[in-house]
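In: Pasting the sequence and the predicted coordinates here, then a few questions.
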Amino acid sequence: MPNSVLVVGGGIAGIQASLDLANRGTKVYLVEELPSIGGRMAQLDKTFPTLDCSICILAPKMIECLRHPNINLMTYSKVKEVSGDAGDFTVKVVKKPRYVDAEKCTGCGTCTEKCPIKVPSEFDMGLGIRKAIYMPFKQAVPLVATIEPENCLYFTKGICKVCERVCPSKAVNYEQKSEETMLNVSSIILATGFDVFDPSSMSEYGYGRFKNVVQSMEFERLISASGPTGGHLVRSSDGKEPKRVVFVQCVGSRSQRGELPYCSSVCCVYATKESILIKEHVPDTDVYIMYIDMRAIGKGFQEFVDRAKKEYGVKYIKAHPGGIAEDPTTKDLQIHYEDMPTGEMKRLTADMVVLCPALIPKEGNKKIAEIMGLELDECGFFKSKDKLIAPVDTNVLGIYVCGYCQCPKDIPESVAQASGAAARAAETIMCVSNEAKS
Amino acid sequence: MREDEEPRIGVFVCHCGVNISAVVNVPEVVEYAKTLPNVIHAEGNLYTCSSDGLSKIKEAIKKHKLNRVVVASCTPRTHEPLFRDACEEAELNKYLFHMANIREHCSWVHPKEPKKATEKAKETVRMAVAKAALLEPQEEPEIDIEPSALVIGGGVAGMTAALSLANQKFTVHLVEKGGELGGKLTELYKLYPNERYSSEILEEFVQAVRSNPNITVYTSSTVKRSEGFIGNFKVVVNHDGKEKDLDVGTIIVATGADVLKPNHMYRYGECKNILTQLELEQLMKEKKLGKPQNVVMIQCVGAREEKEGGRNYCSRICCAIAVKNALQIKELLPETEVSIIYRDMQTYGKDFEEYYKKARENFVQFIRYDAETPPEVFTRPDGKLGVRVHDILVNATLELDTDLVVLSTPLVQSDGAQDLSKILKVPLGADGFFLEAHVKLRPVDFATDGVFVCGTAHSPKTIAETIAQAYAAASRAGIPMAVKRVRTEAITAFVDESKCTGCGICTKLCPYNAIQKDERGVARVNDVLCKGCGVCAASCPEKAIGMRHFSDAQVLAEATAALGGS
């Protein structure tokens, strides 16, 4: 009966669950499909309602995972097979080749500087660039370069090899193969997080067609000091500071017509936070939030919204816009909406619009559910064993769930639920081992 | 290192790849460091934190007999533990290590001014070296942890936490002030989102708790006194009028919340047909609802408003409760008209949004009002109740006949919270609820080690959220108890007894209650409770309190170096 747990997903929920278990002496395998742990929280500029710098409070936890003697960090890896039962799961994990020896790489960045191939950075939501050999962000953990063969000149055309030549540690290895590892664990915790709904399918908002319509994850990178503009908020059409920014809530969420039926739970308050950030950067910017219901439901959130109104002068309009039009010359935007209190059709001009799209479960949940015999709900979230009394349990004994992949929730709730899943995993270890003894 | 030994300082300046070196001239900083007093060795590293960089620190400690180490690189928040470990591996006490942040404080913030950034980096290193020369070795006391927990509150949060800890094989003392376990579950009718009877769930929980051999339940009991610290709390519980001593390693606060009584709001208390949601649940539970033809529910009564007696926060669950109770009424009495008058419908997430949709499909009427024009409850000429409301969605004022007015009021801090906050020395927030150590990342910890919070004592939340959070508290409390020993802070305050006049300023200001006056009236610091914040040292009028690792001499040396002196 192994005193070990598999955690799937290296965002804040997976990190918290891993640290709780590792700190009590349990061996943790933390599997993350991307080259670095950190998840969505690493991409955020600041967090509500305290306006803490997101990466500044997250990075110490990421480093703790890396250094913890009880945590085996398995990045760039995926779970492929699971067999067995609670107390004795056998798991096959496959690690993709980075084509860089992680033991030798010091993360010095020479290769990424010299690599000639520029690729849109996923971390910067495609707004900045990275190279074909890259580290996703400055505080990446582990800080190890990864070659993406799809874009690398050596892999596509058999030429270049600049990274190999310049690497001072001789860490580049084009022959690296994927690796399989078999694990034996007592419990499994799922913390796969969320993706962002692509608003380009809602053509009335012009996302993808109008340069100055962005979505909120892009906005986080645009306002972040570590982002592609160095935290200088500018419109992509002309590089000018926007004088009026309008946030649109419920883009694809709470939809009556087939997008996502649910409320994403965090958008009202993160839009409030993003509004405050604009006001802090350029105080005379006009900022509007168009919403259906203002859902400031967490601890201190309503107070935060009240502050945004009173101290910062953010304007809230009860409205769900019907459409956005672009002025072809100025690239300014016109938002058409019905003003709920008067029923009048109104227009508001803005030079930037931030859409707050639904946050959706990861596509990969389906595969995980299939491998592990888990149930998903109709939207693709992992189903709790009982919505009322067993929120972190799943239909399979010994497999627990936490964070956004269970249902929409904010960071504190994800952290709490992650610790909760860790408690359940610890219980499983104690109970199954006791039953085995008796 | 002996006290009479001369400081021998090694300085390691990190390039951080290009993060520092693209702006700061690292070789120049290294050469500068070599000129500083007591510096025996200085070198630059591509990445001081890489395994190569760390072995260089260890080699240099041995080779140059270094007794102090300074790394000039990034932030101690992320990297100090790593460098401290390297020092310890080379048999140097880790408190003889000091860090200078030339990335966040120099290269990252002054990317366009490389010359000035380099000068600033030099000054930062000079400060660090000045402090390092005066550093002293420190020890972190280790303490044993009693593997038993006290859970305060026998509602769903307390019972869940107790069960989880018991399943983790710890001894649990569950203290409930009421005569029975169950908390608010005893008062509710059916529960969302799956509409199971509260009584049914309650029975399952109580049965599990009562039959668990690791849990001892004390009903009709309250916590009277508590002293001690993580691993070693001594708690006195008043159990049925008798005092009982409990020695526990950790404490979980799960005391729940009360429902605001809407006195003087919407004519509550004037007639029995104006009641709260909780009172409505009791009517349904006791099958005394009768046959009202019209029911009107008003949301945000005393919530999200700063009016007298109200609370400015959103209580999170009232909208979903109203939707649930509206649907329950519709199920019991399909002909009854139910209207919900709301400001913003807080049916967040997935299940509640579905629930809201279901209510609309079942012809529950939703009317939206603005905080500026709240609804009004009045008596019609025929003696029946009416509600007048301006519906902002149709921009018209409506008058609704009603037999029952149900007021949705927020959850508020429970009765005993103030007292318990004082007994356990844990804080309450401006909203009256218990205040956690960090809103984002430590949602169930208190700043005081070994004490945790969960459920509605922390803030309004649903039963499922309460259960998840109770498990979280059980995880956090379980960690030190599983490990059985913890190391505590070495950076603590100490009192020079010859200078202390016993004025008591420090004992009042200490946020961790770590200072008490002893029998002679002299301040005494409890090293385990002290977090080294320095409030006492800064406020002591006699300068009788010193801080380990942040002595006046060290801080002044750093400041003098910053100003260019030596």
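Out: Great, that's in hand.
In: use CA for all of it now, contacts and neighbours both
Out: Fine.
In: quick one: what helix or strand has A:Lys78 in it?
Out: Take DSSP states H and E as the rule and A:Lys78 turns out to sit in strand A:77-85.
In: which residues in the stretch 51-200 of chain B form strands?
Out: B:68-73, B:97-101, B:142-144, B:148-152, B:171-175, B:190-191, B:196-197 (DSSP state E, counting those that start in this stretch).
In: contact partners of the longest one?
Out: I take that to be strand B:68-73. Applying Cα atoms under 8 Å, 6 or more residues apart in numbering or on different chains, the contact partners of strand B:68-73 are B:7-16, B:20, B:48, B:83, B:87, B:96-103, B:125, B:128-129, B:132-133, B:135.
In: Show me what that strand pairs with in its sheet, parallel or antiparallel.
Out: Strand pairing for strand B:68-73, using DSSP bridges, gives strand B:9-14 (parallel), strand B:97-101 (parallel).
In: Can you report the mean pLDDT over the residues of it?
Out: For strand B:68-73, the mean per-residue pLDDT is 97.
In: follow-up on the earlier one: could you dump the strands paired with strand B:68-73 into CSV with mean neighbour count added?
Out: Formatted as CSV, the strands paired with strand B:68-73 follow (neighbours: other Cα atoms under 10 Å in any protein chain shown):
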stretch, mean neighbour count
strand B:9-14, 28
strand B:97-101, 24
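In: Can you add mean pLDDT and give those back as TSV?
Out: TSV is the format used below for the strands paired with strand B:68-73 (pLDDT from 0 to 100):
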stretch	mean pLDDT
strand B:9-14	97
strand B:97-101	97
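In: need the ones you listed in a markdown table with distance to B:Val172, can you?
Out: As requested, the strands paired with strand B:68-73 are exported to a markdown table (distance: least, Cα to Cα, whole Å):
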| stretch | distance to B:Val172 |
| --- | --- |
| strand B:9-14 | 50 |
| strand B:97-101 | 42 |
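In: quick one, which of the strands of the stretch 51-200 of chain B is nearest to A:Ile297?
Out: strand B:190-191 (19.5 Å; Cα to Cα).
In: Contacts made by that closest one with the rest, please.
Out: B:Arg196, B:Tyr197, B:Ser198, B:Lys324.
In: Next one: the second one relative to B:Glu204, how far apart?
Out: Just to be clear, that refers to B:Tyr197. Distance of B:Tyr197 to B:Glu204, given as Cα to Cα, to the nearest Å: 11 Å.
In: ok, now the first one?
Out: Look at B:Arg196 and B:Glu204: by Cα to Cα, they are 12 Å apart.
In: So the two - more neighbours on which side?
Out: Comparing B:Arg196 with B:Glu204 by other Cα atoms under 10 Å in any protein chain shown, the one with more neighbours is B:Arg196, at 13 against 10.
In: returning to what we had before: please tell me which one of the contacts of strand B:190-191 counts the most neighbours.
Out: Most neighbours among the contacts of strand B:190-191, by other Cα under 10 Å: B:Lys324, with 23 neighbours.
In: What is the neighbour count of the residue in the stretch 51-200 of chain A positioned nearest to chain B?
Out: Nearest residue of the stretch 51-200 of chain A to chain B: A:Cys108, at 4.0 Å (Cα to the nearest Cα). A:Cys108 has 22 neighbouring residues, counting by other Cα under 10 Å.
In: again with A:Met182
Out: 13.
In: quick one: it from A:Val91, how far?
Out: 6 Å.
In: And for B:Gln469?
Out: Going from B:Gln469 to A:Val91 by Cα to Cα gives 29 Å.
In: ends of stretch B:14-24, how far apart?
Out: 10 Å.
In: any chance you could map the helices in the chain?
Out: Going with chain A. Here chain A has its helices, by DSSP state H, at A:12-23, A:54-67, A:110-114, A:153-157, A:162-166, A:216-223, A:267-281, A:301-310, A:365-372, A:411-437.
In: hmm, I had chain B in mind actually
Out: Under DSSP H, chain B gives helices at B:26-34, B:51-63, B:76-89, B:114-133, B:156-167, B:198-211, B:277-285, B:318-332, B:351-361, B:417-424, B:463-483, B:505-509, B:535-539, B:552-562.
In: can you redo those as TSV with mean pLDDT and distance to B:Val259?
Out: As requested, the helices of chain B are exported to TSV (pLDDT from 0 to 100; distance: least, Cα to Cα, whole Å):
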stretch	mean pLDDT	distance to B:Val259
helix B:26-34	97	62
helix B:51-63	90	57
helix B:76-89	88	41
helix B:114-133	97	54
helix B:156-167	98	16
helix B:198-211	96	17
helix B:277-285	96	8
helix B:318-332	96	10
helix B:351-361	95	21
helix B:417-424	96	14
helix B:463-483	98	15
helix B:505-509	94	33
helix B:535-539	95	38
helix B:552-562	94	51
